[in-house]
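1. show me the folded form of this:
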Amino acid sequence: MPKISEIEETPNPNALKFILKEPLTWGMTRSYDNAGEANGDPLARALFDIEHVTNVFYVDHWITVTQDGGADWQELSRKVAEPIRAAPAADAQSSAAVAAATGALADLSPEDQERLDRIGALLDEQIRPYLQADGGDLHIIGLDGNRLSVHYQGACGTCPSSISGTLGAIEHLVRSIEPDMEVVAI
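-> Predicted coordinates for the structure are as follows:
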């Protein structure tokens, strides 16, 4: 059962990031935009059962919970902390799930896979640490020609600046190695 080490505000006023002493997963991100998506995840389901919770995102030692703006965070954070503390810590099955998830883009040509690897390394180095520090992340969904599809997770998924400023900055950065690349958020 993970213990909460600290709670941090994020740039999204409707999201809080809970830092944990034990990991919930081993590198596998879990992101849910509604209770229906969280059917197979007991922690996320328990969080969606709390009124006002609209998004749940977690990986390793932290979890970000987003609300609809209709609740006081001081009261809501106490309610949210209960299922987080009751959740089981990461186990060996998480590492197997990571391996399965990395195969999602396996149908790319060797040339496109090489391009995607370069883009992923650039995002890992210069973008993801900042998004993760703010309680979110970015997942590459696809590469089709010169169109890179990404999906924001956690606090970034509903943050107004992610679609405006951050997406433009990501596209500008990616264009430093792929000049004709268009980056779209899905």
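2. low pLDDT regions in this structure?
-> 1, 91-105, 157-158, 160, 162-164 (pLDDT under 70).
3. top helix in the protein by residue count?
-> Taking DSSP state H as the criterion, the chain has its longest helix at helix 110-126.
4. outside of that helix, which residues touch it?
-> Residues outside helix 110-126 that contact it (CB atoms under 8 Å, 6 or more residues apart in numbering): 105, 108, 138, 140, 143, 148, 170, 173-174, 176-178, 181. (Each C-beta comes from the backbone N, C-alpha and C, glycine too.)
5. the most centrally placed residue in the chain - nearest residue in space that isn't next to it in sequence?
-> The centroid of the chain falls nearest to residue 153 when counting by CA atoms, centre = their mean (3.2 Å). The spatial neighbour of residue 153 that comes closest, neighbours along the chain excluded (CB to CB, 6 or more residues apart in numbering), is residue 31 at 4.0 Å.
6. same deal with residue 55?
-> Closest to residue 55 by CB to CB, 6+ apart is residue 66, at 3.7 Å.
7. quick check: which element contains residue 82?
-> Using DSSP states H and E, residue 82 sits within helix 73-86.
8. tell me what that helix is packed against?
-> strand 4-9, strand 15-20, helix 42-48, strand 62-67 (3 or more CB pairs under 8 Å, 6 or more residues apart in numbering; DSSP states H and E).
9. buried deepest among these, which one?
-> strand 62-67 (a mean of 26; mean count of other CB atoms under 10 Å).
10. now for it, which elements pack on it?
-> Partner elements for strand 62-67 (3+ CB pairs under 8 Å, 6+ apart): strand 15-20, strand 53-59, helix 73-86.
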